[in-house]
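Enquirer: Got a predicted structure plus its sequence, pasted below:
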Amino acid sequence: MNFAGVIRLNKCGCVCLIFVFLLLILYVISRSSKLDEENTVNLRKLLIAAIEVAEKGGKEVSYVRSLPDINIKSKGKTKEGANDPVTIADKKSHCVMYYGMTQAFPKVKVISEEEKASEDCNPVQLVELDPRGLDGQADPGDEFVPVDDVTVWIDPLDATQEFTENLLSYVTTLVCVAVRGKPIIGVIHKPFAEEPKTTWSWLGKAKSADLKNLKQVEQIQPLSIIVSRSHAGRVEEVAKKAFGPETKVIPAGGAGYKVLEVIAGNATAYIHTTNIKKWDICAGNAIIHAAGGDMTTLKNQQIDYSSGSKSVNTDGLFVTVGSHHSELIQKLSNINHTGRR
């Protein structure tokens, strides 16, 4: 009996078995890797897309403002009784911003103020994901996160009321990327600046040149508080009780604009005492953090921007840059007032 032949056959079989086993392992690894890739999203690409759609939305807003009729309608009244207008600019900007993001990142949850206008949208040009939108800065590198952890908040036209009144310096387009409810990427685009200007940040990774060149903000007396023109409520009265009668109150439109004014040192704090939508504040929240500041509720709590959270923040807003946030908000909380009206 030729045992040697049997042994050689067994060796060959073992080699084949090992080879097949290795192929199976490689297949499982590659399949797992592909599934992981399908279920994650690249934050660097989200940043580039956010900048691009904010600027494209700004172009739509600027174009509509040049028309003889901007088609002003009303969504109704706010809780405080103010008119809540909407224009064709809101809708056109929504179309390019919302579909720009959803077509590039179909698995990402995108929430827009004007989602009801989606059925009126025509096909839009795909975003290019051109890294030149990062002001020529060094590539911050890729970072992948689970797609289910990401929520994008869009305001196609912040300060619509001011837009209808031709107070265009207040107008912005806003995009925010939240990861597990925390605002990580923020974009505020000002289409009516002397030259259209985009301020952006990716927390801990990169930020626009204007944020890099900020001077340290010091607390100057008397304090200056920036508040909403349309939702001021009793903010002026409360602010002067909390911070002193010399406190200067600056009425302004648009949450994005007001956050940038605080960052620039033109206001000590931004206070809002009524309800405010999260698409109005998420981008500013991300950018204020990147600038070394803070945005909280009037209870000094962080705001949750996860997709499962309510779209309305009902606990007011307090925004500062510097180390005096807790001190100022404590003074405000010491005032006995009805606050949230």
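Expert: Nice, thanks for sending it over. If you're wondering where the values come from, they're calculated on a predicted model, not measured in any experiment.
Enquirer: Skip the chain neighbours and tell me the closest residue to Ala209.
Expert: Using Cβ to Cβ, 6 or more residues apart in numbering and skipping residues adjacent in sequence, the residue nearest Ala209 is Asp135, 5.3 Å away. C-betas here are computed from N, CA, C, even on glycine.
Enquirer: Hmm, the one you found is touching Leu211, no?
Expert: No. In this structure, Asp135 is not within contact of Leu211 by Cβ atoms under 8 Å, at 10.4 Å.
Enquirer: Quick check: buried residues in stretch 169-189?
Expert: Buried residues in stretch 169-189, counted by 16 or more other Cβ atoms under 10 Å: 170-179, 182-189.
Enquirer: same deal with stretch 222-240?
Expert: 223-233, 235-236, 238-240.
Enquirer: Among the residues you listed, which pair sits farthest apart?
Expert: Spatially, the most separated pair among the buried residues of stretch 222-240 is Leu223 and Ser230, at 22.3 Å (Cβ to Cβ).
Enquirer: List the contacts of stretch 274-284.
Expert: Here stretch 274-284 makes contact (Cβ atoms under 8 Å, 6 or more residues apart in numbering) with 78-80, 111-113, 153-155, 158, 174-176, 178, 183, 186-188, 228, 231, 233, 255-256, 258-260, 295, 303, 305, 309, 311-314, 316-317, 319, 340-341.
Enquirer: averaged over its residues, what pLDDT does that stretch have?
Expert: For stretch 274-284, the mean per-residue pLDDT is 97.
Enquirer: Tell me where the model's unsure across the stretch 151-300 of the chain.
Expert: With pLDDT under 70 as the threshold, the stretch 151-300 of the chain has low-confidence stretches at 217-219, 231-233.
Enquirer: before we move on, what about the stretch 1-150 of the chain?
Expert: 1-14, 16, 26-37, 76-83, 117-119, 133, 136.
Enquirer: still on that earlier bit, now, the contacts of stretch 274-284 that are in strands?
Expert: Judged by DSSP state E, the subset of those located in strands is 111-112, 153-155, 158, 174-176, 178, 183, 186-188, 228, 295, 312-313, 317, 319.
Enquirer: Give the full set of residues in contact with Ser247.
Expert: Slight slip there: residue 247 is Thr, not Ser. Taking Cβ under 8 Å, 6+ apart, we find Thr247 in contact with 222-225, 239-240.
Enquirer: Look up phi and psi at it.
Expert: Phi and psi for Thr247, reported as degrees, to the nearest 10, are phi -60, psi 130.
Enquirer: And for Lys109?
Expert: When quoted as degrees, to the nearest 10, the phi and psi of Lys109 stand at phi -80, psi 120.
Enquirer: measure it to Val235 for me?
Expert: As judged by Cβ to Cβ, to the nearest Å, Lys109 and Val235 stand 33 Å apart.
Enquirer: and if you look at Val171?
Expert: On the measure of Cβ to Cβ, Val171 and Val235 end up 22 Å apart.
Enquirer: which ones are touching Pro191?
Expert: By Cβ under 8 Å, 6+ apart, Pro191 lies in contact with 58-59, 61-62, 171-173.
Enquirer: Verify the stated contact: Gly253 with Ser230.
Expert: Yes. Assessed by Cβ under 8 Å, Gly253 is found in contact with Ser230 at 7.2 Å.
Enquirer: Tell me the residues that contact both of those two, please.
Expert: Counting by Cβ under 8 Å, 6+ apart, the residues touching both Gly253 and Ser230 are Gln161.
Enquirer: Quick one: the contacts of Thr247 as JSON lines, columns for secondary structure and distance to Cys95 too.
Expert: Shown next, in JSON lines, are these (DSSP: H, G, I helix; E, B strand; the rest coil; distance: Cβ to Cβ, whole Å):
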{"residue": "Pro222", "secondary structure": "coil", "distance to Cys95": "45"}
{"residue": "Leu223", "secondary structure": "coil", "distance to Cys95": "41"}
{"residue": "Ser224", "secondary structure": "strand", "distance to Cys95": "38"}
{"residue": "Ile225", "secondary structure": "strand", "distance to Cys95": "36"}
{"residue": "Ala239", "secondary structure": "helix", "distance to Cys95": "39"}
{"residue": "Lys240", "secondary structure": "helix", "distance to Cys95": "44"}
